[in-house]
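*Asks:* For reference, the sequence and a predicted model appear below.
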Amino acid sequence: EIQTIYAITPTYSRLEQKADLIRLSQTLMHVEHFHWVVVEDSNFKTALVTNLLSESGLNFTHLNNITPIEFQKGALAGKSSRGVQQRNAGLDWLRQTLHHGENKGVVYFMDDDNTYDIRIFQEMRYTKRVSVWPVGLVGGAIYESPIVKNGKVTGWFTGWGPHREFAIDMAGFAVNLDLVHSHPNARFSYSTKPGNLEGAILKAMGADISHLEPKANNCTQVLVWHTKTSKTELTTDKKLDNLEV
Ligand code: UDP
Ligand code: MN
C-alpha cells in the first residue's frame, strides 16, 4: 500500500505570501498521494489562501489557528519559535481525522518559503519510523546533513549547535503517521528554545539516533533548501482599481 504524505504548512499573511504559496503549490502538483494541511496563522481563513487552494486541484485541508498574542511580534518578537501553534493544529487534525493503523502515511513539516525538489517526496514516502536527509542553505551553512556511516546515522554536520541530540532542520526529516498516533502528547511548545523544536518533537515521538533512516542516497544529495524570501520594502502602496493583489 502506498503511504500518503501529509504535509503540514503554517502560513501567515504578508506581501510575499501569494508568491511563496504559488511556487510551493505548483511544486506539489507534481506529487501523487499527497495531502496538504495548510494552517493559517489567523483568526479566520483568508480569501487568498482559500482561493489558491481550491484553484490548485491539490488534496488539502485548510485550517486556521492564530499564534497567541504573547508570542506574536512584540515583546518576545524574534525570541519565540514560529509556526508552533499551527503545526500543533495540523497534528491535532491528523490525530482526529485519520485512524491509527487504518490510514498509512508519512508526516512532513513544510514551511511555506522553502524550496523542494520533488524527488524528496519519493525519498520520504517509504519512512518506517523517522527518515532524515540533508538540507541546503540552513544554519548559516551551505548545507546541514546527518553523518552516515555504513548506512547508519552517527552524528550531524551542522552550521551551529552540533551538540543537539537531533541537529536537524524541520525540512530535514519525516515521520511515519503511526508515530504521531502512538505518541498522542507529542506537540510543539513555545517554551522550546528556537532551533530546538525539531529535536523536541522527535524526542517526544520516541526517536533514537540509531533508528534514523538516512535518505537521499545515504545523505549525499541536497533535495530541499531552507530558502528565505526577502521582505519587499515598498516605496509606494499605490494600487490600480482593476488589478487585484
Ligand atoms: N509563520 C507563521 N506565523 C508567523 C511567522 C511564520 O505561521 O508569524 C510560518 C511561516 O509561514 C513558515 C513557518 O512559520 O511556514 C516558519 O517561519 P519562517 O519561514 O518565517 O521561519 P524561518 O524560515 O526564518 O525559520
Ligand atoms: Mn522560512
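*Replies:* Now that the structure is in, tell me what you want to look at. Ligands and ions are numbered 1, 2, ... in the order given.
*Asks:* Can you give me the distance of the nearest residue to residue 21 once chain neighbours are set aside to residue 64?
*Replies:* Leaving aside its sequence neighbours, residue 21 sits nearest to residue 52 (CB to CB, 6 or more residues apart in numbering; 5.5 Å). For glycine as for every other residue, the C-beta is placed from the backbone atoms N, C-alpha and C. Using CB to CB, to the nearest Å, we find residue 52 at a distance of 14 Å from residue 64.
*Asks:* In contact with residue 3, which residues are there?
*Replies:* Residues in contact with residue 3 (CB atoms under 8 Å, 6 or more residues apart in numbering) are 33, 104-106, 125-127, 176-177.
*Asks:* which of those residues has the weakest pLDDT?
*Replies:* Lowest pLDDT within the contacts of residue 3 is found at residue 104 (95).
*Asks:* where's that residue relative to ligand 1, distance?
*Replies:* Separation of residue 104 from ligand 1 (CB to the nearest ligand atom, to the nearest Å) stands at 26 Å.
*Asks:* packing partners for whichever helix in the chain runs longest?
*Replies:* Longest helix of the chain, by residue count under DSSP state H: helix 84-97. Secondary-structure packing of helix 84-97 (3 or more CB pairs under 8 Å, 6 or more residues apart in numbering; DSSP states H and E): strand 4-11, strand 34-40, strand 60-64, strand 105-109, helix 177-182.
*Asks:* To ligand 2, which of the ones you listed lies closest?
*Replies:* Ligand 2 lies closest, by CB to the ion, to one member of those: strand 4-11, at 9.7 Å.
*Asks:* Would you mind listing the buried residues in that closest one?
*Replies:* Across strand 4-11, burial judged by 16 or more other CB atoms under 10 Å covers 4-11.
*Asks:* now, among the residues you listed, which is nearest to ligand 1?
*Replies:* The nearest member of those to ligand 1, counting by CB to the nearest ligand atom, is residue 10 at 3.6 Å.
*Asks:* near ligand 2, which residues of the protein show up?
*Replies:* Proximity of the chain to ligand 2, by CB under 5 Å from the ion, involves residues 111, 113.
*Asks:* For the chain, which segments count as helices?
*Replies:* Ranges of helices within the chain are 17-28, 47-56, 84-97, 119-124, 177-182, 197-204, 216-219, based on DSSP H.
*Asks:* outside of stretch 163-173, which residues touch it?
*Replies:* The contact list for stretch 163-173 (CB under 8 Å, 6+ apart) reads 109-111, 114, 130-135, 138-139, 144, 146, 156, 158, 161, 195-199, 202-203, 207, 209, 224, 226.
*Asks:* neighbouring contacts of stretch 117-132?
*Replies:* 2-3, 5, 27, 30-31, 33-34, 106, 108, 133, 146, 153, 168, 172-176, 179, 202, 205, 207, 211-216, 219, 223-224.
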